[in-house]
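Student: any chance you can model this:
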Amino acid sequence: MKESPIFDKSLQSNEIKDVKLKNIKAKDTQANDIQVKDVEAKDIQVNNIEVKDTKDIQVSSKKIAIGLKFDKTSVKELKFKSNGLSISNDVSTKVISTDKIFTAKPLQFVYVDENSDTESSSDFIFAESVDKFKNASLDNKYTTQIKDAVGIYDSKNNLIITIPAKSDIYFISNDLSPIEVFDKKYRGGLKFINNNSMLTVINYLYVEDYLLGVVSKEMVSSWNLEALKAQAIAARSFAYSNYNKFSKYGFNLTDDTRSQAYGGFSAETDNTTKAVNETKGIVGYYEGKIAELIYNASSGGKTESSQNIWLSKIPYLIAQDDPYSIGNPYDNWSFSVTSSEIENIFKKRGKYIGTLQNVTIDDITSQGYVIKMTFNGSISSQTLKKDEIRGLFGSSKLKSLKFAMTNSSGTYNFSGSGYGHGIGMSQYGAKSMADKGYNYTQILEFYYPGVKLEQIK
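Tutor: I've put the predicted structure just below:
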């Protein structure tokens, strides 16, 4: 995606200027020979969002942390590109460097000078907070040892600043332009957590900016604008209703289907940006609480209730006929798998069933979704339920639980319709409704009966 000229223009007025090179020590709150300048949070414009009143400010100022790498995908180090580097904590911002390329690494130990009036020479800065810098070194020239930290190196491999293993500090470009990491550009900033000498990498940004990189990944950007608006509201409601889903990892949501697909600034398009901006701050409410507006690619003609699939009864996630989800690429799909292939799938999972004797479908919902299957082997039998069934074969093959199965001489043939869990809004259904002239409100009212659309409170 090409960079938006509107975005670039808005940055010009926010550029942090007059960075002066001086040889000042940490006690003077200097970071690596660059004069530190305070920037009040109120002076930083929310990119692409025109703030008109108090309500707009509340909507625009809410931020979210998206986990890009964590747990098993965490990294030993990473390079990122930025137009200079500043640190911030949402209250104040300080310029650190005018370089363009940086590397973040976990550090086992950092030695810090606790004497703020020291005249000793430091190797780099330890930022205890945005407003509290101390002289620091990797050598034990200072008495205070900080275990586990995050170090930022410049393009010449000079360690320029370190922060605690877990901190409210995040890194942004000096002119607030997107930061590039993992071959993608992201609005907002980057946070790092040193977790057992591996880095958790987090994109920290405004919720409305986050949605710009979600809608374009979750729905085809060339689709009808009303469908995209419905998607924007569903995605916004999902983000707020699941805000603390991954808090144990130090962030709010992931960038994949465990939360919502998110591609950052690189994924944005004009059409999806328009959908987000024209529905700014609108979410679904049910009985005074933000509704969890679950969605899927296609229901195959019948949506399923949350109770049947997840056991949790949510009044607005109901089973109903969905005539708008007929006539799309997922109307009919099929795949085949042999008995020996099924045996090997279980074997790889540490389940030894022996020779597969037969497969039975044990329970089907009124909407035609299979929610229980048994695989009978010569040694043992394995019974799977609901999402476990799709997990066995993979969601790219077993696209939904709305299927039928036949056995032909040891080859099991699956044929079905729909793609996804079938709960809530069907994205292809939303497209069909929009193409027929329905607006985003009518689309959402159909898929989430009883939910009211309101500005977030």
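Student: for the protein, longest helix please?
Tutor: Secondary structure of the chain per DSSP state H: the longest helix is helix 225-241.
Student: buried residues, it. List them.
Tutor: Across helix 225-241, burial judged by 16 or more other C-beta atoms under 10 Å covers 226-241. Just so you know, the C-beta spots here come from the backbone N, C-alpha and C atoms, and that holds for glycine as well.
Student: between those residues, which sits nearest residue 77?
Tutor: When the buried residues of helix 225-241 are compared for distance to residue 77, the smallest value, 29.6 Å, is given by residue 239; criterion: C-beta to C-beta.
Student: quick one: contacts for the closest one?
Tutor: Shown in contact with residue 239 (C-beta atoms under 8 Å, 6 or more residues apart in numbering): 64, 207, 210-211, 214, 252-253, 260.
Student: name the residues of stretch 364-377 that are buried.
Tutor: Here stretch 364-377 shows 365, 367-371, 373, 375-377 as buried, counting by 16+ other C-beta under 10 Å.
Student: may I have the distance across that stretch, first residue to last?
Tutor: Using C-alpha to C-alpha, to the nearest Å, the span of stretch 364-377 from its first residue to its last is 22 Å.
Student: list the contacts of it.
Tutor: With C-beta under 8 Å, 6+ apart as the test, stretch 364-377 has contacts from 302-305, 308-309, 319, 342-343, 346, 352-363, 381-386, 389, 400-403, 422.
Student: out of the residues you listed, which are buried?
Tutor: Neighbour counting by 16+ other C-beta under 10 Å classes 302-305, 308-309, 319, 342-343, 346, 353, 356, 382, 384, 386, 389, 400-403, 422 among the contacts of stretch 364-377 as buried.
Student: mind checking which of the residues you listed land in strands?
Tutor: The subset of the buried ones among the contacts of stretch 364-377 located in strands under the criterion DSSP state E comprises 302-303, 356, 382, 384, 403.
Student: hmm, residue 152 and residue 107 touching each other?
Tutor: No: the pair residue 107 / residue 152 is not scored as a contact, 10.2 Å apart, by C-beta atoms under 8 Å.
Student: shared neighbours of these two, anything?
Tutor: Common neighbours of residue 107 and residue 152, counting by C-beta under 8 Å, 6+ apart, are residue 162.
Student: which one of those two has more residues nearby?
Tutor: A count of neighbours by other C-beta atoms under 10 Å puts residue 152 above the other of residue 107 and residue 152, at 28 against 18.
Student: beta partners for that one?
Tutor: residue 104, residue 161 (DSSP bridges).
Student: how close does it sit to residue 134?
Tutor: In this view, residue 152 and residue 134 are 15 Å apart by C-beta to C-beta, to the nearest Å.
Student: next, the closest residue to residue 106 other than its chain neighbours: secondary structure please.
Tutor: Leaving out its chain neighbours, the residue that sits closest to residue 106 by C-beta to C-beta, 6 or more residues apart in numbering is residue 194, at 4.3 Å. Taken by DSSP: H, G, I helix; E, B strand; the rest coil, the conformation at residue 194 corresponds to strand.
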